[in-house]
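# with the input below, show me the fold.
(2 chains)
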Amino acid sequence: SQLAEENSWALSVHEGESVTVNCSYKTSITALQWYRQKSGKGPAQLILIRSNEREKRNGRLRATLDTSSQSSSLSITATRCEDTAVYFCATYRGSALGRLHFGAGTQLIVIP
Amino acid sequence: NAGVIQTPRHKVTGKGQEATLWCEPISGHSAVFWYRQTIVQGLEFLTYFRNQAPIDDSGMPKERFSAQMPNQSHSTLKIQSTQPQDSAVYLCASSSDWGSYEQYFGPGTRLTVL
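Below is the predicted model:
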């Protein structure tokens, strides 16, 4: 089983709306990351949220972390067509670096 | 900074042929990672190097896959006797040091085995 998993396979919203992608994880973590992958590109980090943080913002993006329930969310406000992508949560096992464990990803489609 | 460079971007091989994929990490990064991505399996870890030394190859299929990092500026992933199930996007990533959580990914090489 995966260490990190998003809760939705796919979401669609109309441009300008807000959307939230949820993630659950199964290990103690020092940080959780959210990545975005656009078609034909590799994943790119959006936000890193450390285990002692409850919320982190980056422009229109907001990530939350709840270590008691081992869950995280990524919210995007005022969505744009260019937000159409696959969104992954990812973590390392415990404090060890090295391989990143990715969820299966959530495909977000923003409809013009 | 050109980012992580992967060549070729697309490769088509016949069943049983060899495929070599190249990765040039970001200059100064000490760690290089290889992942494989398919619709069915998602993102799978294959192997990684730190300071050119192999650290973890637990994700590598043992028989036909090998990876090397002969110098700090490039790594190769070689697949011998390719099979249709090897068809995937192979992603290379690099990161700067133990304190950096972010991995920087290249665009990937799409391998198609006919």
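# please, which helix or strand holds residue 34?
You didn't pick a chain, so chain A it is. A:Trp34 belongs to strand A:31-37 when assigned by DSSP states H and E.
# meant chain B actually
Here B:Trp34 is assigned to strand B:31-38, by DSSP H and E.
# and what of B:Phe45?
strand B:42-50.
# so is the strand holding B:Trp34 next to chain A?
Yes - using Cβ under 8 Å from any Cβ of the partner chain, we find that strand B:31-38 touches chain A at B:Ala31, B:Phe33. Just so you know, the C-beta spots here come from the backbone N, C-alpha and C atoms, and that holds for glycine as well.
# what sits closest to the closest residue to chain B within chain A if chain neighbours are left out?
Nearest to chain B, among the residues of chain A, is A:Gly42, at 2.9 Å (Cβ to the nearest Cβ). Distance criterion Cβ to Cβ, 6 or more residues apart in numbering or on different chains; nearest residue to A:Gly42, sequence neighbours excluded, is B:Phe105 at 2.9 Å.
# helix or strand for the closest residue to A:Gly40 other than its chain neighbours, which one?
Excluding the flanking residues, the one nearest A:Gly40 by Cβ to Cβ, 6+ apart is B:Pro107, at 6.8 Å. Using DSSP H and E, B:Pro107 is not contained in any helix or strand.
# quick one: strands adjacent to the host helix or strand of B:Ala93?
Taking DSSP H and E as the definition, B:Ala93 sits inside strand B:88-95. In its sheet, strand B:88-95 lies beside strand B:31-38 (antiparallel), strand B:104-105 (antiparallel), strand B:109-113 (antiparallel), with partners assigned from DSSP bridges.
# that older thread, what angle sits between the strand holding A:Trp34 and strand B:88-95?
Here strand A:31-37 runs at an angle of 130 degrees relative to strand B:88-95 (axes from the mean of the first three to the mean of the last three Cα atoms, to 10 degrees).
# what's the weakest-modelled helix or strand in chain A?
strand A:4-6 (a mean of 84; mean pLDDT, DSSP states H and E).
# near chain A, which residues of chain B show up?
So far as Cβ under 8 Å from any Cβ goes, chain B lies against chain A at B:4, B:31, B:33, B:42-43, B:45, B:48, B:55-56, B:58-59, B:91, B:93, B:95, B:98, B:101-108.
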